[in-house]
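Colleague: missing the sequence, but the structure's below:
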């Protein structure tokens with residue numbers, strides 16, 4: 001069983017996947033920092049100084065003083081954080097689009113694979129039937 005596990009772990013696909021997951025986490029931190037520290041202040045400035053993260057609709061206000069007995073926290077719908085998430089998604093999508101587009105530009109598009117034997121046979125049958 002140990003031998004099978006070792007063979008499974010050492011296959012290229014598992015290692016490639018692990019590298020991709022770790023790299024995706026690092027890229028996610030960079031993109032979140034870019035969005036939160038650079039883009040969102042610009043968006044807030046353009047929208048009149050609004051900080052979306054603070055936008056909320058309070059359903060019930062906080063009762064009492066935090067840390068004391070009978071304290072009840074504020075219950076609110078924080079739609080501003082949701083707006084930030086949507087902006088973040090759009091920026092991440094655009095960045096991934098640009099990365100994919102540049103990869104195709106620099107590496108070239110993958111050529112169409114040659115038809116398989118089954119596809120070749122089906123093409124010959126189709127051509128014979130159409131005659």
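Modeller: Received, thanks. Computed from a predicted structure; not experimentally measured. Numbering: from 1, shown residues only.

Colleague: where does this protein dip in pLDDT?
Modeller: Filtered on pLDDT under 70, the chain yields the residue ranges 12, 109-110.

Colleague: Go again with 90.
Modeller: Scanning the chain for pLDDT under 90 picks out the ranges 1-55, 62-74, 80-117, 130-131.

Colleague: Nearest residue to the middle of it?
Modeller: residue 92 (6.4 Å; C-alpha atoms, centre = their mean).

Colleague: That residue - that's part of a helix, no?
Modeller: Yes - with DSSP: H, G, I helix; E, B strand; the rest coil as the criterion, residue 92 is located in a helix.

Colleague: Give the burial count for the residue nearest to it when sequence neighbours are not counted, as a bare number.
Modeller: Counting by C-beta to C-beta, 6 or more residues apart in numbering, residue 31 is the residue found nearest to residue 92 once chain neighbours are left out, at 5.4 Å. Any C-beta I mention is one placed from the backbone N, CA and C, and that applies to glycine too. The number of residues packed near residue 31 is 16, by other C-beta atoms under 10 Å.

Colleague: same deal with residue 28?
Modeller: Look at residue 28: counted by other C-beta under 10 Å, it has 12 neighbours.

Colleague: I'd like the distance between residue 42 and residue 92.
Modeller: 17 Å (C-beta to C-beta, to the nearest Å).

Colleague: Helices of the protein, residue ranges please.
Modeller: 2-9, 12-34, 40-46, 79-107, 117-130 (DSSP state H).

Colleague: for those helices, which one sits closest to residue 53?
Modeller: Smallest distance to residue 53 across the helices of the chain (C-beta to C-beta): 5.2 Å, for helix 79-107.

Colleague: Centre of the chain to the closest one, how far?
Modeller: Between the centre of helix 79-107 and the centre of its chain there are 8 Å (C-alpha atoms, centre = their mean, to the nearest Å).

Colleague: Which positions within that helix qualify as buried?
Modeller: Neighbour-count burial for helix 79-107 flags 80, 83, 84, 87, 88, 91, 92 (criterion: 16 or more other C-beta atoms under 10 Å).

Colleague: Switch those over to TSV; also include distance to residue 104.
Modeller: Shown next, in TSV, are the buried residues of helix 79-107 (distance: C-beta to C-beta, whole Å):
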residue	distance to residue 104
80	37
83	32
84	31
87	26
88	25
91	21
92	19
